[in-house]
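Undergrad: 3D, please:
(one chain, ligands or ions: 1)
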Amino acid sequence: MNSPIAKAGIAAGLLLCASLTGGCAVNPATGQRQLMLVSESQEIAMGQEADPSISAMFGIYEDADLQQYVARLGDSLAAISERPQLPWTFRVVDDPIVNAFALPGGFIYVSRGIMAHFNSEAQLVSVLGHEIGHVTARHSASQMSEQQLAQIGLVAGAVIVPDVAARYGGIAQQALGILFLKFSRDDERQADMLGFRYMTRVGYDPNEMPEVFDMLGRVTEAGGGRGLPVWLSTHPDPGDREQRINTMIAESGQDFTGTTVGERSYLLKIHDLIYGPNPREGFFREQLFLHPDLEFQIQFPADWQTVNQKTAVMAQSPNQDAILQLTADQGAAGPVEAAQEFANQDGVNAGAVQPGTIGGFPSATVAFAAETEQGILRGAVTYIQDGELIYRLLAFSTSAAWSSYQQTVANSVASFARLTDQSALAVQPLRLSIIELPQAMTIEAFDQRYPSPIPIETLSILNQVELGVRMPAGTLVKRVVGEVAR
Ligand SMILES: [Zn+2]
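TA: Prediction:
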């Protein structure tokens, strides 16, 4: 391929491309020419800029051993990829949802939710390889503009320090919408192909790849639309992909017997992994929100829809025209100063700051009107001080509706109090426990002998087994231990 003619052809193509768009490059993973608006250094800068926001938004799962394990596997794949020089970073995020995603520049994230659902090292490696493939083939870089990424930083940052403007709908969801770009089917196909390439290069059994698609398919089906794993919404058609990988394996002509599956080594790594939402970070009893780690509680309005996010608790009126949002911040300023600062913002028309006490804590409230893109909003913000923490309860609605929500919101805010319920304070998350079967049994029999506080269907998906199928003696089986917080 080194003939002068071929070179000239490529050069001409590059020139043409450059004059049209200002950017075109040979894709390192595919060898094909590709329109490229961002350079590699820009790509890296984008990833580095967005990573802190992503890490804050999801939280990093606190288990140094598990983080190192995933990073070691990820690094081994990245090292044999076409772009080993990128600053590859692998993180397990503290999110119960089944998810995996990549940022340009080599930032790869897997959720603890997807970690709980893998059954072998080869399965984890196949997903890491797939996400690495999106990066090496520059899928997100070719799709994302710098503006979009800047926006992620902005929006994710806004979850922690929000302002009044543009607050309708889940803020985190907006950020997620930008983050989880839908890749094209071709991109997905290519990432699967690259994932296959990388995992087989380092000696893993690609037959574990279809198992992952099967598991993801079952998770989606069980989700029934609600709690649909984000990974799935961006990675459609697990069934299709399962078929394609099987074809890929057959067509490779390679014999993969004896390659690494790593079932045992993987399952022992996830023994004790937190499973499901972590109630220490807050949970609901009906409309009462209890936060064991921060030791407070608050009653949200009846019939309002609530959601506990990493950095905020949100409640929305049934008509979806009013929002009450709780956030916390390390504040040097007291509640009166914080309220005053809020009142002084551009575009905010505020009344007088009213100091007071709520649940025995110093507080300050101010009513306001604000001009936003959605028109004039009216609302009230209350700051409550508990030691070094300042809580902010921000409520607002359309100008016309505010008078009908004002009292409801005020009652909620006034219910803020120290959490003293001992059972709530002592609550612990559910965890995985890996059990070695003493004899062959079905998952149903296993669940009778070693009960888990989750439905049998969920347990069977978690273990990638079908109901009624006997697992041989010696199989390592996931059990969920602990009590569901209530
Ligand atoms: Zn993908």
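
Undergrad: Get me the contact residues on the stretch 51-200 of the chain for the ion.
TA: Counting by CB under 5 Å from the ion, the positions of the stretch 51-200 of the chain adjacent to the ion are Ala191. C-beta here means a position set from N, CA and C on the backbone, and glycine is covered the same way.

Undergrad: Quick check: chain neighbours aside, which residue is closest to the one residue in the stretch 51-200 of the chain that gets nearest to the ion?
TA: Of the stretch 51-200 of the chain, the residue with the smallest distance to the ion, taken as CB to the ion, is Ala191 at 4.6 Å. Using CB to CB, 6 or more residues apart in numbering and skipping residues adjacent in sequence, the residue nearest Ala191 is Gly133, 3.8 Å away.

Undergrad: Next, the one you found: secondary structure please.
TA: What DSSP: H, G, I helix; E, B strand; the rest coil gives for Gly133 is helix.

Undergrad: Pull up the distance across stretch 473-485, start to finish.
TA: 33 Å (CA to CA, to the nearest Å).

Undergrad: the domain parsing of this structure - what is it?
TA: Using automatic domain parsing, the domain ranges for the chain come out as 37-144+181-269, 280-425, 429-481.

Undergrad: Ranking those domains by mean neighbour count, which comes first?
TA: domain 37-144+181-269 (a mean of 19; mean count of other CB atoms under 10 Å).

Undergrad: That domain: how far from the chain's middle?
TA: Between the centre of domain 37-144+181-269 and the centre of its host chain there is 13 Å, according to CA atoms, centre = their mean, to the nearest Å.

Undergrad: where does this structure have its least confident helix or strand?
TA: Taking mean pLDDT, DSSP states H and E as the measure, the chain has helix 4-21 as its least confident helix or strand, at a mean of 31.

Undergrad: re the thing from before, the residue nearest to Ala191 and Asp94: what is the separation?
TA: In this structure, Gly133 lies at 25 Å from Asp94, with CB to CB, to the nearest Å as the measure.

Undergrad: would you say Gln297 is within a strand?
TA: Yes: note on Gln297: a strand contains this position according to three-state DSSP.

Undergrad: re earlier: correct me, but the residue of the stretch 51-200 of the chain closest to the ion touches His134?
TA: Yes: in this structure Ala191 lies within contact range of His134 using CB atoms under 8 Å: 4.9 Å.

Undergrad: per-residue confidence at the closest residue to Phe361 other than its chain neighbours?
TA: Of all residues beyond its chain neighbours, the one nearest Phe361 is Ile384 (5.0 Å), with distances taken as CB to CB, 6+ apart. On the pLDDT scale, Ile384 is placed at 97.

Undergrad: Please name the bridge partners of Ile384.
TA: Beta-bridge pairing for Ile384 (DSSP bridges): Ser363, Tyr391.

Undergrad: Please give me every residue in contact with it.
TA: Going by CB atoms under 8 Å, 6 or more residues apart in numbering, Ile384 touches Pro335, Ile358, Gly359, Phe361, Pro362, Ser363, Ile390, Tyr391, Arg392, Leu393, Phe416.

Undergrad: measure it to the ion for me?
TA: Going from Ile384 to the ion by CB to the ion, to the nearest Å gives 43 Å.

Undergrad: In this structure Asp192 contacts Arg241, no?
TA: Yes: because the distance of 5.9 Å satisfies CB under 8 Å, Asp192 is recorded as touching Arg241.

Undergrad: and the helix or strand hosting Arg244, what does it pack onto?
TA: Here Arg244 is covered by helix 238-252, with elements defined by DSSP states H and E. Of the remaining helices and strands, those touching helix 238-252 by 3 or more CB pairs under 8 Å, 6 or more residues apart in numbering; DSSP states H and E are helix 185-201, helix 208-223.

Undergrad: Let me have these in TSV, extended by distance to Ala440 and mean pLDDT.
TA: Shown next, in TSV, are those (distance: least, CB to CB, whole Å; pLDDT from 0 to 100):
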stretch	distance to Ala440	mean pLDDT
helix 185-201	31	90
helix 208-223	21	85
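
Undergrad: Let me know which of those is the nearest to Asp272.
TA: Asp272 lies closest, by CB to CB, to one member of these: helix 208-223, at 20.8 Å.
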